[in-house]
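>>> When you get a sec, could you give me coordinates for this:
(one chain, ligands or ions: 1)
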Amino acid sequence: MGHVTSLSTGPADTPPSSIVARDLRLTLGSGASAVEILRGIDLTVPQGQTLALLGPSGSGKSSLMAVLSGLERASSGTLEVAGQDFAALDEDALARARRGRIGIVLQAFHLLPTMTALENVATPLELAGMDGARDRAEAELAAVGLGHRLTHYPAQLSGGEQQRVAIARATAPRPVLIFADEPTGNLDAATGEAIVELLFARRAETGATLLIITHDASLAEKCQRVVTLADGHIANDTRG
Ligand SMILES: Nc1ncnc2c1ncn2[C@@H]1O[C@H](COP(=O)(O)OP(=O)(O)OP(=O)(O)O)[C@@H](O)[C@H]1O
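I've put the predicted structure just below:
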C-alpha cells in the first residue's frame, strides 16, 4: 500500500499545520489590464494558532483570505488547508473539502434574511448531512447567548446579535479553521469588544485555528501572531 505523505505532517512533537501556502500568487484580469494582487505568499499556520492579518487598505488581506478559505483560486503556488491540497481540487471537490472544515465570519454578517436565527445556523449543518442539526444549532446559539432568540429573523436582531448568529453558524460544524474579516467593523466599540471575546472563547473551546483580518491594534494584540501585508506580500510576521 502506498504511503500517503502530507505537507502538514511534521515531526511527532510539532502540531500539524492547518495552512501551508507556498509562493501563492493571484492575478486578476489578463493582458494589459492584469493586476497582480498576491505576489508570492509563503505562510505556514499551525493548527490552533490565532493570527491577525493587518495591512493598509488594498494590500490584499481579503484576497488572501478568499484564497486560503477556498473561495477564490490562486493563479499559482501550492496551498494545503486542513490537510487538503486546495490547488489540486476541482470546484466540486473544493466545495466538499471546505464544508464543515472552514467557518467564515464577515463584517456584514451575511445572514439569510428569510430564515430565523435557528434556521441560519441549522441549514449549513443539514446541507453537510450532519445528524441532529437543529439540536446542534440550538446548543450553538445558546453558547453565544442567543438561546432566547431562536425564532427571530435577522431584521429583528441587533447588529451584535446578528454577529453572534454568524459566529454560531461558523462554529457549529466544529471547523478546524475560522476566518473572520473585520468582524467588529459594523459594531460599536462595546459590542465589538463583546463579539471579540465571544469569538476567542468559541475558538478556544473548539481548538480551531483563527485567522482574523483587522485594523484594530488591540484585537491584533490578542492574537498569538501578527502578519502584515503590504502590496500583496508579507511585509512583517511577528509572534506574540
Ligand atoms: N475583482 C477584482 N478585480 C481587480 N482588482 C481587484 C479585484 N478585487 C480586488 N482587487 C484589488 O486587489 C487589491 C487588494 O484588495 P483586497 O480587498 O484584498 O485588499 P484589502 O487589504 O483587504 O483591503 P481593505 O482593507 O480595504 O478591505 C486592491 O488593489 C483591489 O482594488
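>>> any low-confidence regions in the protein?
For the chain, applying pLDDT under 70 flags the ranges 1-15, 240.
>>> Get me the contact residues on it for the ligand.
Within the chain, the positions near the ligand by Cβ under 6 Å from any ligand atom are 28-29, 35, 37, 55, 57-63. Bear in mind the C-beta positions are built from the backbone N, C-alpha and C, glycine included.
>>> and stretch 42-62, which residues are buried?
By neighbour count on 16 or more other Cβ atoms under 10 Å, the buried set for stretch 42-62 is 43, 45-55, 59-62.
>>> For this structure, just list every one of the strands.
17-28, 35-46, 50-54, 76-81, 84-85, 102-106, 177-181, 209-213, 225-230, 233-239 (DSSP state E).
>>> okay, those strands in CSV with distance to Gly145 next?
Listed next are these as CSV, based on distance: least, Cβ to Cβ, whole Å:
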stretch, distance to Gly145
strand 17-28, 27
strand 35-46, 29
strand 50-54, 21
strand 76-81, 30
strand 84-85, 33
strand 102-106, 16
strand 177-181, 18
strand 209-213, 19
strand 225-230, 28
strand 233-239, 32
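>>> For Tyr153, which of those strands is the nearest?
strand 102-106 (18.6 Å; Cβ to Cβ).
>>> tell me what that closest one is packed against?
The contact analysis (3 or more Cβ pairs under 8 Å, 6 or more residues apart in numbering; DSSP states H and E) places strand 102-106 against helix 159-171, strand 177-181.
>>> want to throw these into JSON lines with mean neighbour count?
Formatted as JSON lines, the helices and strands packed on strand 102-106 follow (neighbours: other Cβ atoms under 10 Å):
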{"stretch": "helix 159-171", "mean neighbour count": "25"}
{"stretch": "strand 177-181", "mean neighbour count": "24"}
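>>> how about JSON lines for the ones you listed, with distance to Leu198 added?
Listed next are these as JSON lines, based on distance: least, Cβ to Cβ, whole Å:
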{"stretch": "helix 159-171", "distance to Leu198": "6"}
{"stretch": "strand 177-181", "distance to Leu198": "11"}
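>>> Out of the ones you listed, flag the one nearest Glu72.
strand 177-181 (12.3 Å).
>>> how far out from the middle of the chain is that closest one?
Centre-to-centre, strand 177-181 and its host chain are 2 Å apart (Cα atoms, centre = their mean, to the nearest Å).
>>> how far away is Ser69 from Ser33?
Using Cβ to Cβ, to the nearest Å, Ser69 is found at 26 Å from Ser33.
>>> likewise Val227?
Taking Cβ to Cβ, one finds Val227 at 29 Å from Ser33.
>>> same question, Ile102
In terms of Cβ to Cβ, Ile102 sits 31 Å off from Ser33.
>>> again with Asp237
From Asp237 over to Ser33 the distance is 31 Å, taken as Cβ to Cβ.
>>> quick one: which of the two has more around it?
Taking other Cβ atoms under 10 Å, Asp237 and Ser33 do not tie; Asp237 has more neighbours (12 against 7).
>>> what's near enough to touch the more buried one?
225-228 (Cβ atoms under 8 Å, 6 or more residues apart in numbering).
>>> Could you identify which of those residues has the most neighbours?
Going by other Cβ under 10 Å, Val227 tops the contacts of Asp237 with 23 neighbours.
>>> I figured that residue was touching Leu51, is that so?
Yes - Val227 lies in contact with Leu51 (Cβ atoms under 8 Å); the separation is 6.1 Å.
>>> give the contact list for the spatially closest residue to Val67 that is not a sequence neighbour.
Once flanking residues are discounted, Val67 sits nearest to Ala74: 5.0 Å by Cβ to Cβ, 6 or more residues apart in numbering. Each residue near Ala74 by Cβ under 8 Å, 6+ apart is listed here: 24-26, 38, 67, 87.
>>> Can you pull out the residues in contact with stretch 129-145?
With Cβ under 8 Å, 6+ apart, stretch 129-145 has contacts from 100, 117-118, 121-123, 125-126, 147, 149-150, 164-165, 167-169, 171-173, 198, 202.
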